[in-house]
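>>> I would like to see how this sequence folds:
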Amino acid sequence: MIGQRDLLLVPFPFSDQSGKKVRPVIVLSNDKFNEFSEDLLVIGVTSNIHKDIYSLSLDEKDLEEGKLYSKCSIKIENLLRLEKSLIIKKIGKIKRGKMLKIAEIINEIIKID
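Okay, the predicted model is just below:
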């Protein structure tokens, strides 16, 4: 079963919907949602390192399992609902502490003024 914090390889669409690229994503949706839904809520990961307020670095020390071959950036504004059948493979799992940091930034993005 796919779980929250899993690092997956999937076809991820460009924001302008002009195409897609195979890239890693992190599962945001909790395990109860994942068990009963045909979809997952995921967030994009890229090897293009960007330092902005809605990105977090991701490297091997942030993984509970799996392996990264280069430093990456979690693009927190790149949220996507993804059908489970599109998963190519699981490549790892991020640590709980990194997931909590992601949740903090998501809460900041959707904070009601």
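>>> which SSE is E35 in?
Here E35 sits within helix 31-36, counting by DSSP states H and E.
>>> with just CA atoms, put that helix into PDB.
Written as PDB, here are the backbone C-alpha positions of helix 31-36 (Å, rounded to 0.1, in the frame of the first residue of the first chain):
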ATOM      1  CA  ASP A  31      -3.100   6.700   4.900                       C
ATOM      2  CA  LYS A  32      -6.900   6.600   5.500                       C
ATOM      3  CA  PHE A  33      -7.500   8.800   2.400                       C
ATOM      4  CA  ASN A  34      -5.000   6.700   0.400                       C
ATOM      5  CA  GLU A  35      -6.700   3.400   1.400                       C
ATOM      6  CA  PHE A  36     -10.200   4.500   0.300                       C
END
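>>> next secondary structure element downstream of that helix?
Following helix 31-36 toward the C-terminus (DSSP H and E): strand 39-46.
>>> buried sites along the helix holding E35?
N34 (16 or more other Cβ atoms under 10 Å). To be clear about C-beta, it is placed using only N, CA and C from the backbone, and glycine gets the same treatment.
>>> sounds good, over and out.
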